[in-house]
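# Sequence first, then the predicted structure, then my questions.
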Amino acid sequence: MPQDPTPRRRRADARRNVDALLEAARSVFDTSGVDAPAKQITDLAGVGVGTLYRHFPHRSDLVKAVVESGIDAVAEAGPALGAAFEPAEALTRWIDRYVELLGTKRGLASALHSGDPAFAGLPDYFLERLEPALSALLDAAAAQGAVRGDIGAEELLHAVAQLCRPVPGRGPEHGRRIVGVLVDGLRCGAAPGIP
């Protein structure tokens, strides 16, 4: 007896709805902040408000999911960049994506630092997902002699995050420029000619 495909279709529809909600929330949070009306998010996602609350019962659930999906996207970019580019270029491109993630997170900073227990696990999630991705790229670039080999992934993640902190009167381009100086510094002391 053939199985009814309806449950699979429902799961695929639910996944599409969640993806649409996350993309819409990311966009709305960037422009209107995390306290934007739910209807603004659902209208952009093309779903009803009930769908939003079915998947994300609390605003903090949605904020956390948006942050985690951004972290996941940057982490998952590591292997693809490593396969597509020379190690130094892959590392630089990955750091650019990480800087972009930090810029997006800046709009969510007040919510993330609100003391809401829903966000307590995010720092660990951040390191668990990003450190291995960066470590692989950093190791490959160091093995090629393109960057110095005496800095670890966790150190670099924290250094870039510190450089991307908001500076009064300066936009996100300031942080991106300063991170560029840091990346140039990674090349100093590298051991060129290592196979």
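Everything's here; your move.
# residues near the nearest residue to Leu62 once chain neighbours are set aside, how many?
Closest residue to Leu62 apart from its sequence neighbours, by CB to CB, 6 or more residues apart in numbering: Phe56 at 4.0 Å. Backbone N, C-alpha and C define where each C-beta goes, glycine included. If you count neighbours by other CB atoms under 10 Å, Phe56 ends up with 21.
# average pLDDT for whichever helix or strand Ile41 is part of?
According to DSSP states H and E, Ile41 maps onto helix 38-45. Averaged over helix 38-45, pLDDT sits at 95.
# Packing partners of it?
helix 6-32, helix 49-55 (3 or more CB pairs under 8 Å, 6 or more residues apart in numbering; DSSP states H and E).
# pull the CA atoms of that helix into CSV?
Extracted C-alpha coordinates of helix 38-45, given in CSV (Å, rounded to 0.1, in the frame of the first residue of the first chain):
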residue,chain,number,x,y,z
ALA,A,38,5.2,40.6,13.9
LYS,A,39,2.9,41.5,11.0
GLN,A,40,5.8,43.3,9.2
ILE,A,41,7.8,40.0,9.4
THR,A,42,5.0,37.8,8.3
ASP,A,43,3.9,40.0,5.4
LEU,A,44,7.5,40.0,4.1
ALA,A,45,7.7,36.2,4.5
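# Minimum distance to Gly121: which of the helices and strands packed on helix 38-45 has it?
In terms of CB to CB, the element of the helices and strands packed on helix 38-45 nearest to Gly121 is helix 6-32, at 17.9 Å.
# And the closest one, how far out from the chain middle?
Here helix 6-32 shows a centroid-to-chain-centroid distance of 17 Å under the convention CA atoms, centre = their mean, to the nearest Å.
# and that helix with helix 38-45, angle?
Interaxial angle, helix 6-32 versus helix 38-45 (axes from the mean of the first three to the mean of the last three CA atoms, to 10 degrees): 120 degrees.
# Need the phi and psi values for Ala120.
With angles defined as degrees, to the nearest 10, Ala120 sits at phi -60, psi -40.
# What is the neighbour count of Asp184?
10.
# Arg97 too?
For Arg97, using other CB under 10 Å, the count is 17.
# pLDDT below threshold where in the protein?
For the chain, the stretches flagged by pLDDT under 70 are 1-10, 106-107, 110, 191-195.
# surely Ser32 meets Ala38?
No - between Ser32 and Ala38 there is no contact under CB atoms under 8 Å: 11.6 Å.
# Name the residue in these two with the higher neighbour count.
Counting neighbours by other CB under 10 Å for Ser32 and for Ala38 shows that Ala38 has the greater number, 16 against 13.
# That one is in contact with Val49, isn't it?
Yes - using CB under 8 Å, Ala38 is in contact with Val49, at 5.5 Å.
# Could you dump the helices and strands packed on helix 38-45 into a markdown table and include distance to Ala141?
Formatted as a markdown table, those follow (distance: least, CB to CB, whole Å):
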| stretch | distance to Ala141 |
| --- | --- |
| helix 6-32 | 30 |
| helix 49-55 | 39 |
